[in-house]
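Student: Could you look at this predicted model? Sequence included:
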Amino acid sequence: MRGNSINHAPAASADTQNAPVNGSIRVAAIQMTAGPDIPRNLEEARRLLEMAASQGARLAALPEYFCLMGMRDADRVAAREQNKYGPIQEFLSDTAKCLGIWLIGGSVPLASSRPDKVRNSCLVYDDQGQQVARYDKIHLFGLELGDERYAEEETIEAGCGVVSLESPFGRIGLSICYDLRFPELYRSMGRVDIIFAPAAFTATTGKAHWETLIRARAIENLAYVVAPAQAGHHLNGRETHGDSMIVDPWGIVLDRLPSGSGVVIADINPEYQASLRDSLPALNHRILRHC
């Protein structure tokens with residue numbers, strides 16, 4: 001299945017799009033090609049979230065850096081906000097409340113202990129617009145491959161706390177992009193039902209590893225994984241992989257959007273997940289934690 005691009009009408013009828021399977025919850029992953037203009041990025045994010053809500057999504061997630069892909073890495077430092085204050089966070093709160101959805105806010109640059117760095121923070125808002133969780137990205141991306149060089153540690157201060165939270169949809173685990181390469185993070189969350197991994201994977205690493213990592217995290221945790229991503233060529237010259245997807249606990253890709261801006265939609269079924277965990281109780285068979 002392919003996600004809905006903003007340039008095309010949904011393939012299914014409105015009745016089908018707005019009617020989740022009995023007992024299931026509709027979730028959405030937003031794919032964007034953000035640029036250096038924050039108001040324009042927020043406008044696009046709002047349009048895509050409205051599309052997701054109109055299709056019955058009760059829980060939606062934006063990609064990493066949805067609000068800003070600056071011309072320089074230092075631009076994220078200049079755009080930093082104090083926790084719970086600022087236009088980006090106001091946008092997330094207002095949008096969640098207005099649309100009546102739970103919103104996983106991709107990542108937002110928040111002030112850190114150092115003036116030259118930010119925390120890359122994933123913020124969660126309930127359907128009343130209240131911030132109910134914050135996760136600061138722990139693993140900072142670094143790559144030197146050919147002409148490509150990335151060093152997030154130069155402008156981002158790493159977080160140190162694993163974050164999971166209860167929600168009306170089950171227990172949620174939070175991660176961001178490069179975290180996908182570190183399975184011990186997800187084990188540290190405990191038994192989570194839905195993992196979120198907003199990302200801005202490079203085209204190079206995404207082509208090689210993106211789908212494999214997402215499906216592996218779903219399979220080993222018997223959890224749904226929702227992975228909204230940046231996609232395409234950005235004004236700063238960076239190219240991101242896209243291919244936002246939602247994967248079920250058996251590792252099956254329920255929906256994806258290979259390229260372009262749009263919405264990926266799928267239904268999360270707690271009963272199906274519980275039956276898989278009963279049939280294959282791998283989470284109960286872990287041994288090393290007891291050694």
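Tutor: In hand now; what should we look at?

Student: Show me which helix runs longest in the chain.
Tutor: Longest helix of the chain, by residue count under DSSP state H: helix 38-54.

Student: Direction included, what does the following helix or strand past that one pair up with?
Tutor: Next helix or strand after helix 38-54 toward the C-terminus (DSSP states H and E): strand 59-61. Looking at strand 59-61 with DSSP bridges, its partner strands are strand 25-31 (parallel), strand 102-104 (parallel).

Student: out of those, nearest to residue 280?
Tutor: Evaluated with Cβ to Cβ, the strands paired with strand 59-61 place strand 25-31 nearest to residue 280, the distance being 22.2 Å. Every C-beta, even on glycine, is put in place using the N, C-alpha and C of the backbone.

Student: what's the angle between the closest one and helix 38-54?
Tutor: 150 degrees (axes from the mean of the first three to the mean of the last three Cα atoms, to 10 degrees).

Student: list the buried ones in the longest helix of the chain?
Tutor: For helix 38-54, the neighbour count (16 or more other Cβ atoms under 10 Å) marks 38, 41, 42, 44, 45, 48, 49, 51, 52, 53 as buried.

Student: next one: stretch 190-207
Tutor: For stretch 190-207, by 16+ other Cβ under 10 Å, it's 192-203, 205-206.

Student: so which of these comes closest to residue 104?
Tutor: Nearest to residue 104 among these is residue 196, at 5.0 Å by Cβ to Cβ.

Student: my read: the closest one touches residue 177, true?
Tutor: No: using Cβ atoms under 8 Å, residue 196 makes no contact with residue 177, being 11.1 Å away.

Student: where in the stretch 151-291 of the chain is pLDDT low?
Tutor: Within the stretch 151-291 of the chain, the ranges that satisfy pLDDT under 70 run 289-291.

Student: Report the contact partners of residue 32.
Tutor: Residues near residue 32 by Cβ atoms under 8 Å, 6 or more residues apart in numbering: 41, 44, 45, 48, 62, 63, 66, 230, 231, 261.

Student: Return the distance of it relative to residue 226.
Tutor: Going from residue 32 to residue 226 by Cβ to Cβ, to the nearest Å gives 15 Å.

Student: cool, residue 126 as well?
Tutor: Here the criterion is Cβ to Cβ. By it, residue 126 lies 17 Å from residue 226.

Student: what does residue 174 give?
Tutor: From residue 174 over to residue 226 (counting by Cβ to Cβ), the distance is 11 Å.

Student: intersection of neighbour lists for these two?
Tutor: Common contacts of residue 174 and residue 226 (Cβ under 8 Å, 6+ apart): 104, 196.

Student: Looking at stretch 71-78 now, give me its mean pLDDT.
Tutor: This predicted structure assigns stretch 71-78 an average pLDDT of 96.
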